[in-house]
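# can't give you the sequence, but here's the structure:
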């Protein structure tokens, strides 16, 4: 739960930053298709960037073991588990993070988030069903297979994918004005603007607590309206078209029946329609800031990858069923009932393999040491030591290839996996693809 909430929060922060950049740098540049692409890309990047960490192979922070630390300390000698003699009193924050209260708070926050998503999802699906329910009667078929329905909705017109819905207010229009409105909605259909509505509607469900989603959603509606306006009106009748928009107070039409546009949005829409050249300064800012944004994203990926190193991708040497009984950790704190912390380290991974399993070389390596129960291999800068096995008939200095059988686990015994990077113990989870 905590990992999912962290991922959702990280995605929301990324989107908020991108939405703020759009709001203050890119909106109103009169390149409406660029604006639309930026807004849609922000939705995708907000959830994709947290998963696109640059791979780094570094020494890890503490990893949670499967066995309790007390069991590991009692099971192994001092050379395997290092127990420091330093004792420190846990800070209030550390004790809180390790307490059941913190787990309960996380569970409550997760429940609130899921409840909000459920409520928003019901509303989202209900809105789509309401629109689809308006497809009654025999529609008029327009060029391109577009269907036009007449409804009693208190609006002029709106569209949803390949359907145009004319409301009761459309009856007040002259035939020429109605043709302009239909052309406007047809441009929405050709531009697939209903897809924007679905995307931002679903995103507002997942990020219902993020206030910047509403800002971006309204901006998306305005951009789609600007695109349809520019296509529906030529330069020779832009003024008359603007008067029509202003007179009717036309609604935002992004695929769902929305309240009438605010006066500010309506004025911005007319301003964009009449301003053919747009702001040159905004366009220049758009072009100049794109490389800066690319560098910022690259820096984010690098820093996030350094903070959260991931697997180097070698195959696990155990071929068959196995289980991890104790993970790698360094300077792990053991807290007693008095709030005193003991620092312990377990610089290997303990495993228990099925008797039918075999041990295969994870890479092209050279045997650097061998005994009745252990095998050490030099694989480039890495030294991989596997213990608790019966090695094959190998000798020191032998070259082994990736996938070559190098031993079998002892029946009923526990084996271990240790990795050294230039002599420094590292977490096997960073090296092998478990």
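All right, it came through fine. Keep in mind that what you see is a predicted model, and the values were worked out from it rather than measured.

# quick one: the closest residue to residue 355 other than its chain neighbours and residue 354, what's the gap?
Counting by Cβ to Cβ, 6 or more residues apart in numbering, residue 411 is the residue found nearest to residue 355 once chain neighbours are left out, at 4.8 Å. (Each C-beta comes from the backbone N, C-alpha and C, glycine too.) The gap separating residue 411 from residue 354 is 10 Å, by Cβ to Cβ, to the nearest Å.

# go on, residue 367?
For residue 367, the distance to residue 354 - Cβ to Cβ - is 25 Å.

# check residue 219 too.
Applying Cβ to Cβ, the value for residue 219 to residue 354 is 57 Å.

# give me the more crowded residue out of those two.
Using other Cβ atoms under 10 Å as the criterion, residue 219 and residue 354 rank with residue 219 on top: 22 against 13.

# now the helix or strand hosting that one, how far from the centre of its chain.
Residue 219 is part of helix 211-232 when elements are defined by DSSP states H and E. Distance of helix 211-232 from the chain centroid (Cα atoms, centre = their mean, to the nearest Å) equals 24 Å.

# ok, stretch 222-235 next?
32 Å.

# give the buried residues for it.
For stretch 222-235, burial by neighbour count (16 or more other Cβ atoms under 10 Å) applies to 222-230, 232-233.

# same question for stretch 106-118.
Those would be 113, 117, for stretch 106-118 by 16+ other Cβ under 10 Å.

# name the surrounding residues that touch it.
1-2, 4-5, 8, 205-206, 208-209 (Cβ atoms under 8 Å, 6 or more residues apart in numbering).

# let's have those residues in JSON lines, adding distance to residue 243.
Output for the contacts of stretch 106-118, formatted as JSON lines (distance: Cβ to Cβ, whole Å):
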{"residue": "1", "distance to residue 243": "55"}
{"residue": "2", "distance to residue 243": "56"}
{"residue": "4", "distance to residue 243": "51"}
{"residue": "5", "distance to residue 243": "50"}
{"residue": "8", "distance to residue 243": "46"}
{"residue": "205", "distance to residue 243": "38"}
{"residue": "206", "distance to residue 243": "40"}
{"residue": "208", "distance to residue 243": "38"}
{"residue": "209", "distance to residue 243": "41"}
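
# and the gap between residue 25 and residue 210?
Shown here: residue 25 relative to residue 210, a distance of 20 Å by Cβ to Cβ.

# give me the more crowded residue out of those two.
Each of residue 25 and residue 210 has its neighbours counted (other Cβ under 10 Å); residue 210 has more, 21 against 16.

# OK, contacts around the more buried one?
With Cβ under 8 Å, 6+ apart, residue 210 has these contacts: 12, 15-16.

# now swap in residue 217 and tell me
Contacts of residue 217 (Cβ under 8 Å, 6+ apart): 200-201, 203-204.

# verify the stated contact: residue 47 with residue 11.
Yes - using Cβ atoms under 8 Å, residue 47 is in contact with residue 11, at 4.8 Å.

# between these two, who's got more neighbours?
Between residue 47 and residue 11, residue 11 has the larger neighbour count (other Cβ under 10 Å), namely 22 against 18.

# so which residues of this structure form helices?
2-21, 32-48, 69-75, 92-97, 100-132, 175-190, 193-206, 211-232, 238-248, 263-274, 280-307 (DSSP state H).
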